[in-house]
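Student: coords below, sequence missing:
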């Protein structure tokens, strides 16, 4: 069994990496996890491409150099409370036209995802 320590992804990338990379980069992958802090990366926080899917909760994604979470290429993100996404350069969550997201939006400051299904968690 794993302990309850927070996994921190910080200070990755260079100023040239603003597009096409991230602190957590996924291509054709699935990820499910919690207790994450993805912060202060010069590039984006999460980048999901090529049919990737992620389900995250108890997460902070903040102060990254591009999007906090970006989905593209038929990828999806599912956010569960508590999820705090704020202070990311271009958007806290963004989706390309053929990707989407869903979940609790109460912790998102800048949402740029036309097909994001907003779900209120009680």
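Tutor: Cool, got the structure. Bear in mind the structure is a predicted one, so any value in this text is a computation, not a measurement.

Student: if I look at the most centrally placed residue in the chain, how far off is residue 5?
Tutor: What sits nearest the mean C-alpha location of the chain, by C-alpha atoms, centre = their mean, is residue 69, with 2.8 Å. Taking C-beta to C-beta, to the nearest Å as the measure, residue 69 falls 22 Å from residue 5. C-beta here means a position set from N, CA and C on the backbone, and glycine is covered the same way.

Student: Just the element for residue 58, please.
Tutor: Per DSSP states H and E, residue 58 falls inside strand 53-62.

Student: pretty sure the residue nearest to the centre of the chain contacts residue 75?
Tutor: No - assessed by C-beta atoms under 8 Å, residue 69 is found out of contact with residue 75, at 10.0 Å.

Student: what ranges do the strands span in this structure?
Tutor: Listed in chain order, the strands of the chain (DSSP state E) span 7-10, 22-27, 30-39, 44-49, 53-62, 69-71, 76-86, 93-95, 100-103, 111-112, 116-118.

Student: re earlier: what's the angle from the strand holding residue 58 to strand 30-39?
Tutor: Strand 53-62 and strand 30-39 are oriented at 10 degrees to each other (axes from the mean of the first three to the mean of the last three C-alpha atoms, to 10 degrees).

Student: First-to-last residue distance for stretch 89-108?
Tutor: This stretch, stretch 89-108, spans 13 Å end to end (C-alpha to C-alpha, to the nearest Å).

Student: avg pLDDT for it?
Tutor: Mean pLDDT, computed over stretch 89-108, is 95.

Student: Show me what counts as buried in that stretch.
Tutor: Of all the residues in stretch 89-108, those buried under the rule 16 or more other C-beta atoms under 10 Å are 89-96, 99-105, 107-108.

Student: From one end of stretch 109-118 to the other, what's the distance?
Tutor: Stretch 109-118 has its terminal residues 13 Å apart, counting by C-alpha to C-alpha.

Student: What lies in contact with that stretch?
Tutor: Around stretch 109-118, the neighbours that count as contacts under C-beta atoms under 8 Å, 6 or more residues apart in numbering are 71, 85-88, 90-95, 97, 99-103, 105.
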